[in-house]
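*Asks:* pasting a predicted model and its sequence here:
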Amino acid sequence: MKELFDLFWTFCKIGALTFGGGYAMLPLIQREVVENKKWSTEKEILDYYAVGQCTPGVIAVNTATFIGFKLRGIVGGIIATLGVIFPSLIIILIIASFLQNFADMAIVQSAFAGIRVAVVALIITTVIKLLKSSIKDYLGVIIAILTFIISAFLGLSPVYVVIAAGLTGFISKSMGGKR
């Protein structure tokens, strides 16, 4: 029971301290789950991020579910998921009840502008960490560059991009690549 409470509370703190969506939560998840709690390894967390990106839903919620499931099965997955979404649910209810009255205030608009900038910085930090631990060879560099170009400029569905990148890595490994 203590481990379930710890799981809930850890993800509740992550959910409460993060603004800007699932990607903004990734640095906190990595720090708490890998560095502080030692519930997962760096490699496992990257795998959770990858699968979480490919499955429907918010990546941070999916990642929390995977970590909870790893630790305590289905109950752990449910508890971790509830922990990460609980703060957002409470915050949304509070904001929805008051925002209509304050949305046009300059200070509120300025606060949201500042939050958006901070979220971008957090996402960039996560991308840099993921790049450092994910790209191991020239094929990885090529896949990363092509994925960026295709996603940013060609508008191809991320589903196709992820499938193509996965197949490329699989074929490379099957043919004796270093990956």
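*Replies:* That came through, no problem.

*Asks:* from here on, contacts and neighbour counts on C-alpha atoms
*Replies:* Will do.

*Asks:* just give me the longest helix of the chain.
*Replies:* helix 59-102 (DSSP state H).

*Asks:* tell me the mean pLDDT over the helix or strand following that one?
*Replies:* Sequence-wise, the next helix or strand downstream of helix 59-102 (DSSP states H and E) is helix 106-134. Averaged across helix 106-134, pLDDT comes to 85.

*Asks:* distance from the chain centre to whatever helix or strand L167 lives in, please.
*Replies:* Using DSSP H and E, the element containing L167 is helix 158-174. Centroid separation between helix 158-174 and its chain, computed with CA atoms, centre = their mean, to the nearest Å, is 20 Å.

*Asks:* other residues contacting that helix?
*Replies:* Contacts with helix 158-174, where a contact means CA atoms under 8 Å, 6 or more residues apart in numbering, come from 54, 143, 147, 150-151, 179.

*Asks:* quick one on the thing from earlier: the longest helix of the chain vs helix 106-134, what angle?
*Replies:* Here helix 59-102 points in a direction 170 degrees away from that of helix 106-134 (axes from the mean of the first three to the mean of the last three CA atoms, to 10 degrees).

*Asks:* same for helix 59-102, what does it pack against?
*Replies:* Contacts defined by 3 or more CA pairs under 8 Å, 6 or more residues apart in numbering; DSSP states H and E place helix 59-102 against helix 2-16, helix 22-29, helix 42-54.

*Asks:* look up how far D104 lies from I94.
*Replies:* From I94 across to D104, the span is 17 Å (CA to CA, to the nearest Å).

*Asks:* pull out the buried members of the contacts of helix 158-174.
*Replies:* 143, 147 (16 or more other CA atoms under 10 Å).

*Asks:* next, the angle helix 42-54 makes with the least confident helix or strand in the chain by mean pLDDT.
*Replies:* Within the chain, no helix or strand scores below helix 22-29, which has a mean of 76 by mean pLDDT, DSSP states H and E. Using the same axes, to 10 degrees, the direction of helix 22-29 lies 160 degrees away from that of helix 42-54.

*Asks:* counting by contacts, list what helix 22-29 packs against.
*Replies:* Short answer (3+ CA pairs under 8 Å, 6+ apart): helix 22-29 packs on helix 2-16, helix 59-102, helix 106-134.

*Asks:* got those helices as CSV, with mean neighbour count columns?
*Replies:* As requested, those are exported to CSV (neighbours: other CA atoms under 10 Å):
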stretch, mean neighbour count
helix 2-16, 19
helix 59-102, 19
helix 106-134, 14
